[in-house]
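Asks: sequence first, predicted model second:
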Amino acid sequence: MFLIKTLSVFALGLALFAPAFAAEPVSTSYFGNTAIGGKDTVSYFSVKARSSHQVVEGLDRFEVEHLGATWRFASQASADKFTANPAAYVPEYNGYCSNALASGEGLIKTDGSVWEFFGDKLHLFYAEAGRQRWITGDWKAYNQEAAKAWAAILKKH
């Protein structure tokens, strides 16, 4: 009887916490749950950011929970835009390094400071070398490889 009760409690615990494990992975800080180094993901899409290639830091007073991570924004307006349509602003592969995925290295976290748009999609990179590889190489082929790797990772989650 004890074993049955223990297994029932264990099964209930799994059922309650399964959604947390089923969520897509997001590139978060090593010592917290802040996505993409706390950068304001909406700001990348502004004309100013694209022309200056400058990153805007988010503030802890403008935070939104999405995909099990905390996303920071520079303003309430930016947080509201994200909340209205997160899919429009979340970087490809939820902020993990696009180059690492394309190269078969798996999920490598980024801090949001190395980035580029390919097509109309925001891609983050662990290092400038990966970004340069995509700029000077066949980014479409790299993106196809990254997408395959990402799909395989999502199947496991």
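Replies: That came through fine. Numbers count the residues shown, from 1 in each chain.
Asks: can you pull out the strands in this protein?
Replies: Counting by DSSP state E, the segments of the chain that form strands are 59-66, 69-73, 115-118, 121-124.
Asks: export these as TSV, with columns for mean neighbour count and mean pLDDT.
Replies: Where you see a C-beta, it was placed from the backbone N, CA and C, and this is true even at glycine. Formatted as TSV, the entries for these read as follows, by neighbours: other Cβ atoms under 10 Å; pLDDT from 0 to 100:
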stretch	mean neighbour count	mean pLDDT
strand 59-66	15	97
strand 69-73	24	98
strand 115-118	17	98
strand 121-124	23	98
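Asks: will you turn those into TSV that also has distance to residue 49?
Replies: Formatted as TSV, the strands of the chain follow (distance: least, Cβ to Cβ, whole Å):
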stretch	distance to residue 49
strand 59-66	16
strand 69-73	13
strand 115-118	9
strand 121-124	10
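Asks: mind checking those for the one nearest to residue 101?
Replies: Distances from residue 101 to each of these were compared using Cβ to Cβ; the minimum, 9.8 Å, belongs to strand 121-124.
Asks: residues touching the closest one, excluding its own?
Replies: For strand 121-124, the external contacting residues (Cβ atoms under 8 Å, 6 or more residues apart in numbering) are 27, 36, 41, 44-45, 89, 91-93, 95-98, 110, 112, 114-117, 134, 143.
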